[in-house]
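>>> Provided below for reference: sequence and predicted model.
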Amino acid sequence: MRGNRSAASATPDLSAMAAICWIFAGIVYLLAETASASAFPNYSYGMNYISDLGVPDIETLGDRSIDSPLHALMNLAFLAHGFLFATAAVLMARARSAARGSSNATRSRPRLQVAIIVCALAHALGMVLIAVVNGGQHNNELGLGWIHLLGAFLAFFGGHLTAICFGISLLKDRSSHLMRGRILGVISIVCGLIGILGIVMLQVDVRAVPGTLLPDGAWERIGMYAIIVWELTFGIVLLARGRLTPLSESPISALH
């Protein structure tokens, strides 16, 4: 009994830590991107790719002039975001495990929870690859461009699928008192789907759509900002509800 109480008391702390990690991840990324873009001469949020900010060389890639004095800051932000994002997901998994233990549940770890951790770790790995192997011409000449592209794929879709899996887990809760949790679940799924749409359109807009609906940089940012909006929203709501509602009404209890 004492162990159950200890697990229950630990759950809000873990969820609060997860919320803080997600909020901090979003803020760190946005601040680093803003600073790096400001120092980049004639940087265009529509025409330039996000990873252009992490290229250390002054060069021309396609029709884009690259000159990012704060490339190290942007690459550190990629690393920090991946680490904080994955840490938050693991903390949420531990919080759910603690909540399950306090209720004497005997079910094995749910598949959705495993999927969330896998997707979050994929996002983190992708951010590491983006930071370590930048998208500059030098790496392309060395035949390493595919590693950067793989990192982008993992970072984007890992983040999007994390949001979608969280949304599904929240919607699966059938308790009427978790209506706010269901709304958050819908928001999570919508953010994930919008992000996927952005990255898909980044690939097909020029190739399959007559004319160009949006420049590449805009589509890519839709994909990335969907992750940022989700993690900030989810983190803020999770932190606020952890302070204002009992454990049984927390979004944690919907992860089953």
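Sure thing, it's come through. Residues are numbered from 1 along each chain as shown.
>>> only C-alpha atoms for contact and neighbour calcs from this point on.
Fine.
>>> now the helix or strand encompassing G195: buried residues?
Assigned by DSSP states H and E, G195 belongs to helix 179-208. For helix 179-208, burial by neighbour count (16 or more other CA atoms under 10 Å) applies to 180-182, 184-196, 198-199, 201-202, 205.
>>> by contact count, what packs against that helix?
Using 3 or more CA pairs under 8 Å, 6 or more residues apart in numbering; DSSP states H and E, the elements in contact with helix 179-208 are helix 145-171, helix 216-244.
>>> out of the ones you listed, which comes closest to V128?
Of all these, it is helix 145-171 that lies closest to V128, at 7.3 Å by CA to CA.
>>> so which bits of that closest one are buried?
145, 147-149, 151-171.
>>> can you check stretch 46-56 too?
47-56.
>>> let me know the closest of those to N140.
Distances from N140 to those, taken by CA to CA, are shortest for V55, at 11.8 Å.
>>> how many neighbours does the nearest residue to Q137 once chain neighbours are set aside have?
Leaving out its chain neighbours, the residue that sits closest to Q137 by CA to CA, 6 or more residues apart in numbering is L61, at 7.0 Å. The number of residues packed around L61, counting by other CA atoms under 10 Å, is 13.
>>> hmm, back to that, what is the orientation angle of the helix holding G195 with helix 216-244?
Here the directions of helix 179-208 and helix 216-244 differ by 170 degrees (axes from the mean of the first three to the mean of the last three CA atoms, to 10 degrees).
>>> number the chain from 25, please
From this message on, residue numbering opens at 25, which makes the last subject helix 203-232.
>>> quick one: average pLDDT of helix 203-232?
Regarding helix 203-232, the rounded mean pLDDT is 88.
>>> now that helix against helix 169-195, angle please.
150 degrees.
>>> so M151 touches F177, yeah?
No. Applying CA atoms under 8 Å as the test, M151 and F177 come out as separate, 9.6 Å apart.
>>> which ones are touching the residue nearest to G191 when sequence neighbours are not counted?
Once flanking residues are discounted, G191 sits nearest to G209: 3.7 Å by CA to CA, 6+ apart. By CA atoms under 8 Å, 6 or more residues apart in numbering, the residues touching G209 are 190-195.
>>> now tabulate these in a markdown table and tack on distance to A110 and pLDDT.
Converted to a markdown table, the contacts of G209 look like this (distance: CA to CA, whole Å; pLDDT from 0 to 100):
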| residue | distance to A110 | pLDDT |
| --- | --- | --- |
| F190 | 13 | 90 |
| G191 | 17 | 92 |
| I192 | 19 | 91 |
| S193 | 18 | 86 |
| L194 | 19 | 84 |
| L195 | 22 | 86 |
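>>> circling back: please report how far the residue nearest to G191 lies from N164.
G209 sits 40 Å away from N164, going by CA to CA, to the nearest Å.
>>> now swap in N66 and tell me
Taking CA to CA, one finds N66 at 24 Å from N164.
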